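Enquirer: make a model of this:
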Amino acid sequence: MGLKILFTNNSSLIKYGIASGFKNLGHEVHIMDGKYQLWDKDKEAQVELFKEYIESNPVDLVFSECFANFSEGIFEHTKEKGIFHAFFSIEDTPFDHWIGDYWSDYADYIFTTTAECLTNYWSKGKQAELMLFGCNPEFHKRVDSGIQRDIVLIANNYERRFEQTRNFIMPVVERGYDVSIFGNEWWMDSNREVNLLSHPSAYKGYGAYEDLPYLYSSSKIILGQNLDDKSITQTSMRPAESLGIGGGILVSPFTPAQEYLFHDHVYLPKNTDEMILMVDEVLSMTDRQRSQKAKKAQQFVYKYHNYDLRAEQVINAYHGHKP
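Expert: Numbers count the residues shown, from 1 in each chain. All right, here's what the predicted structure looks like:
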């Protein structure tokens, strides 16, 4: 008998990612979307909407991937009702996991992308385990586009990435490669010390998540960016997603986690010189060579990093949870 699962956030990670795993395993999925969307409401309104929703749609399990303004009252209400509430801590890094640390006090069970944070949760007497990002083969797949780009980056110009952008992304742009960069308007912000104002043709606008398969399928190289270079498991969502699409080859600044999780399916330059060498190597491949390499990477993440496996972890936690 399938469970009824309620996702309190309607982010792309949920809608196009992990929710698919629960559906594929035969569970009933509900997402707080439309009039029940929570993230743009104040905390009081969130709790009222949440109570209203589960009053008319009783559920077995609530799954929260919390945002900054998430309401503590939602966790408190599930506790009152005896509903299992899992928290997916996707912002954890070895040296910065205050968001996870805060919400873990309220959740029944914590899933983290960062192995180094587990001891902190366990020391608080919480049940916690590692759960990585993944891909959804029904969405993260190759699509015919008709357009062919050499290099694409889909990322926001976060200040925390400035050094990485300066050492790995800007050298590729400045050398005149055919680069398309999608993300928020911070890329064209003169107040940010790293920007594309001197190379406006590289900036292509926001780039909606729904366009990910199209953009990654039409590119020979996908550039990666990560916020953490210390963890053995923490990555952004993009490595598994881009490899799952099976179009371009991922070239991403080295992190131990990417090497550990994706092996030789990813090019991992450690400095600017290696970045340029690896970009040149991939661009010099024939379409057939690139396609074969991308296909192998796709098969790998479909097998080991799909959201059916992640959903199974959550269901097992639900059945094994001891209040």
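Enquirer: surely M275 and L268 touch.
Expert: No - counting by Cβ atoms under 8 Å, M275 does not reach L268; the two are 9.9 Å apart. The C-beta positions use only the backbone N, C-alpha and C, and glycine is treated the same way.
Enquirer: what sits in contact with each of those two?
Expert: P253 (Cβ atoms under 8 Å, 6 or more residues apart in numbering).
Enquirer: the more surrounded of those two?
Expert: M275 (23 against 19; other Cβ atoms under 10 Å).
Enquirer: going by neighbour count, which residues in the helix or strand hosting that one are buried?
Expert: Using DSSP states H and E, M275 sits within helix 272-284. The neighbour-count check on helix 272-284 (16 or more other Cβ atoms under 10 Å) flags 274-276, 278-279, 282 as buried.
Enquirer: quick one, strands of the stretch 51-200 of the chain?
Expert: 61-64, 84-89, 109-112, 127-130, 149-154, 179-182 (DSSP state E, counting those that start in this stretch).
Enquirer: columns mean pLDDT, distance to S252 and mean neighbour count on top of the ones you listed, output as a markdown table?
Expert: Converted to a markdown table, the strands of the stretch 51-200 of the chain look like this (pLDDT from 0 to 100; distance: least, Cβ to Cβ, whole Å; neighbours: other Cβ atoms under 10 Å):
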| stretch | mean pLDDT | distance to S252 | mean neighbour count |
| --- | --- | --- | --- |
| strand 61-64 | 98 | 28 | 25 |
| strand 84-89 | 98 | 22 | 24 |
| strand 109-112 | 98 | 21 | 25 |
| strand 127-130 | 98 | 21 | 17 |
| strand 149-154 | 97 | 10 | 22 |
| strand 179-182 | 98 | 15 | 22 |
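Enquirer: right, and these - which one's nearest G100?
Expert: Between G100 and the strands of the stretch 51-200 of the chain, the tightest spacing by Cβ to Cβ is seen for strand 84-89, at 3.4 Å.
Enquirer: kind regards, and thank you for your time.
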